[in-house]
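Below: sequence and its predicted model.
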Amino acid sequence: MMKPSFEICLERYAELVIKIGAALRKGHSLWINSNLDSAPFARLLASKAYEAGAAHVQMDWVDEASTRIRYEQAPEETLRTPPEWRTKAMEAHMEAGGSFLQIYAPNPSLLKGLPPERIAIGNKAQAEAMQGFRRYVNQNLNAWSMASVPTPAWAAAVFPQLSLAEAQDALWDRIFQVNRVYEPDPLAAWEAHLKALNRRKDYMNAKRYRRLHYKAPGTDLVIGLPEGHIWKAATSETPDGIVFLPNMPTEEIFTMPHKDEVNGTVASTLPLPYSGSVIEGFSLTFKDGAVTDFSAAEGYEPLKSLIEMDEGSRRLGEVALVPHHSPISDLGITFYNTMFDENAACHLALGNAYSFTLENGTAMSREELSSRGANASLAHVDFMMGSGELDIDGETADGTLEPIFRKGNWAFS
C-alpha cells in the first residue's frame, strides 16, 4: 500500500492515542507523562486532546539524565523517601475523574553500571509512593493508556547498525505499522483487530480451563487458574462505561494465574529492560507459586532485586497469550521496550494481579482477593517466554488436556 506522508501519519497516530487509547471525553482532564525527548509528540497529543474537548491537559515531564544523576549522587535516605507532592497531585487528578496517558519510551540502559542496591532502594520506595495512584489504574477506575515514540536512546538500542537519524526513522516506521496507522482507515482496522482478539478471549472464557501446561526449550511449567478467572483482550472499561485501550499496540489476551499454583521452570525468550538495565537469558523455577531458584546470563542483580522487592514479587500476577506469528513478532525485531516485546510473544508477569481479571474482583478486599488466588505486590513486570517452539495445553475440570498453542501459534481457528 502507498504510505501517507510522515506528517499525516503523525496526526493519525496522535488521534488514535487520544480517541481509542485514552478515550478522552469532552470536559475531561488529561495527565500526560512524557520524557523530554518526546516533548514534540506530547504537545501534539495535548492539541488533539483540546480538539476533543479536554478541559485541561497537565504535562508531567521526566528528564532521564537527571534520573541517572539522582541515583548516582543523591543521599541514600532521600532515595528511600521520594517527594510526595507529585504522587499526591496524580492521585488528585484521578480522583477527579481525569484520564492518564504515558509516553513510554525508556532508555533500556539508563542506569547500567550504577550500584544495584541503590536502584533497588529507589524502585521500592517509588512503588510504595505510587500505590494510591496505581489503585485507579489496576482497577480501571479511570481511562489510561500507554503509547511510544522513538527517542534517540531507544532507537539506537533497537537499530545499533544505523545512524541515529536513520534509526529513529526506522523505528517510527515500525510504530506506525504495528499501530495500523498506514491502513486507509486506521480506526476501522483497529475495530477489526479488537473483534478478532475478543473472539479468542470469548473462546478461552467459555472453556474455563483449570490449568495451563507450557512446554518449550528450557520451559516445563504448569500454571493454575483461579475459579472465576476472566480472560481479557485489549480494551478495558471504567465503571462509568468509558472503553479505552491501555496499550498501543496490543496483541494479547490475558488473565490472572493462581498465586499458589505455579510449578516448574520457565525460560525467557527476549531481553527484559528493567529499571535502566537489561536482563537476558534468565530462567525462573517455581514451587507452589513462588520463585525458588533463578539464573540470568546478564542482569542477575536487577532480576534479584525485582524478585526480592516484596513477598508478592516472587509470584505471578498475569498470564498472557500472544501468537508467534503476529504483526510485531513477524518484524523480527527486539524492541527493548516491554510494551512492544510483550505483544510479540506469550508472557508472564511477576508481581501484582489485576483484580478485574477475576469475577467481582474489583469489589473484593485485598484479603478476599488473596483467598481466591490473586497475588498482591508493589511490582508488576512482564517478561517474555513465548517462541515458535512453545506448546500450551489447557486442562479441563476433569483433567483432559486440550491444545491451545502449537509451535507458538493458536491451535484453534
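Structure received.

And the nearest residue to residue 360 once chain neighbours are set aside, how close does it get to residue 112?
Once flanking residues are discounted, residue 360 sits nearest to residue 228: 7.6 Å by C-beta to C-beta, 6 or more residues apart in numbering. The C-beta positions use only the backbone N, C-alpha and C, and glycine is treated the same way. For residue 228, the distance to residue 112 equals 42 Å [C-beta to C-beta, to the nearest Å].

Tell me, how many residues neighbour residue 44?
For residue 44, the count of nearby residues is 18 (other C-beta atoms under 10 Å).

Please look at it and residue 14 and confirm they touch.
Yes: counting by C-beta atoms under 8 Å, residue 44 does reach residue 14; the two are 4.8 Å apart.

The residue nearest to residue 360: neighbouring residues, count only.
Here the count is done by other C-beta under 10 Å, and residue 228 has 14 residues near it.

Return the per-residue confidence for it.
In this prediction, residue 228 carries a pLDDT score of 97.

got the contact list for it?
Counting by C-beta atoms under 8 Å, 6 or more residues apart in numbering, residue 228 touches 358-360, 372.

what about 10 Å?
By C-beta atoms under 10 Å, 6 or more residues apart in numbering, the residues touching residue 228 are 208, 256, 357-361, 372-373.

before we move on, what about residue 101?
Applying C-beta under 10 Å, 6+ apart to residue 101 gives the contacts 17-18, 21-22, 24, 30-34, 42, 45-46, 49, 57, 60, 143-147, 244.

Which of these fall within strands?
30-34, 57, 60, 144-147, 244 (DSSP state E).

Is it possible to get a markdown table of those residues that adds pLDDT, neighbour count and distance to residue 7?
Supplementary listing: the ones in strands among the contacts of residue 101 in a markdown table, determined by pLDDT from 0 to 100; neighbours: other C-beta atoms under 10 Å; distance: C-beta to C-beta, whole Å:
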| residue | pLDDT | neighbour count | distance to residue 7 |
| --- | --- | --- | --- |
| 30 | 98 | 25 | 23 |
| 31 | 98 | 22 | 27 |
| 32 | 98 | 22 | 21 |
| 33 | 98 | 18 | 25 |
| 34 | 97 | 23 | 20 |
| 57 | 98 | 21 | 22 |
| 60 | 97 | 16 | 26 |
| 144 | 97 | 23 | 28 |
| 145 | 97 | 22 | 23 |
| 146 | 97 | 21 | 24 |
| 147 | 97 | 26 | 18 |
| 244 | 96 | 23 | 26 |
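
Now flag whichever of those is closest to residue 293.
Ranked by distance to residue 293 (C-beta to C-beta), the ones in strands among the contacts of residue 101 are led by residue 146 at 32.2 Å.

isn't that closest one right next to residue 33, touching?
Yes: here residue 146 lies in contact with residue 33, judged by C-beta atoms under 10 Å, at a distance of 9.2 Å.

Now the common contact residues for those two.
Contacts common to residue 146 and residue 33, judged by C-beta under 10 Å, 6+ apart, are 100-104.

Now flag whichever of those residues is closest to residue 337.
Distance to residue 337 across the shared contacts of residue 146 and residue 33 (C-beta to C-beta) is lowest for residue 104, with 7.1 Å.

Tell me the confidence at that closest one?
Note on residue 104: pLDDT of 94.

Tell me how many other residues surround it.
Quick note: residue 104 (other C-beta under 10 Å) scores 21 neighbours.

And for residue 95?
Residue 95: 13 neighbours (other C-beta under 10 Å).

Mind listing what's buried along whichever helix in the chain runs longest?
Of all segments of type helix in the chain, defined using DSSP state H, the longest is helix 186-207. Buried residues in helix 186-207, counted by 16 or more other C-beta atoms under 10 Å: 186, 189-190, 193-194, 197-198, 200-201, 204-205.

With stretch 207-226 instead?
Those would be 209-214, 216, 219, 221, 223-226, for stretch 207-226 by 16+ other C-beta under 10 Å.

Spatially central, which residue of the protein would that be?
residue 339 (4.9 Å; C-alpha atoms, centre = their mean).

ok, now how distant is the residue of the chain positioned farthest from its centre from residue 102?
Distance from the C-alpha centroid of the chain, by C-alpha atoms, centre = their mean, peaks at residue 398 (33.5 Å). For residue 398, the distance to residue 102 (C-beta to C-beta) stands at 44 Å.

Leaving out sequence neighbours, find the closest residue to residue 328.
Nearest to residue 328 is residue 344, by C-beta to C-beta, 6+ apart, at 4.1 Å.

quick one: contacts for residue 39?
For residue 39, the contact set (C-beta under 10 Å, 6+ apart) comprises 59, 61, 103, 149.

Of those, just the buried ones, ChimeraX syntax please.
Buried members of the contacts of residue 39, defined by 16+ other C-beta under 10 Å, are picked up in ChimeraX with:
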select :103,149
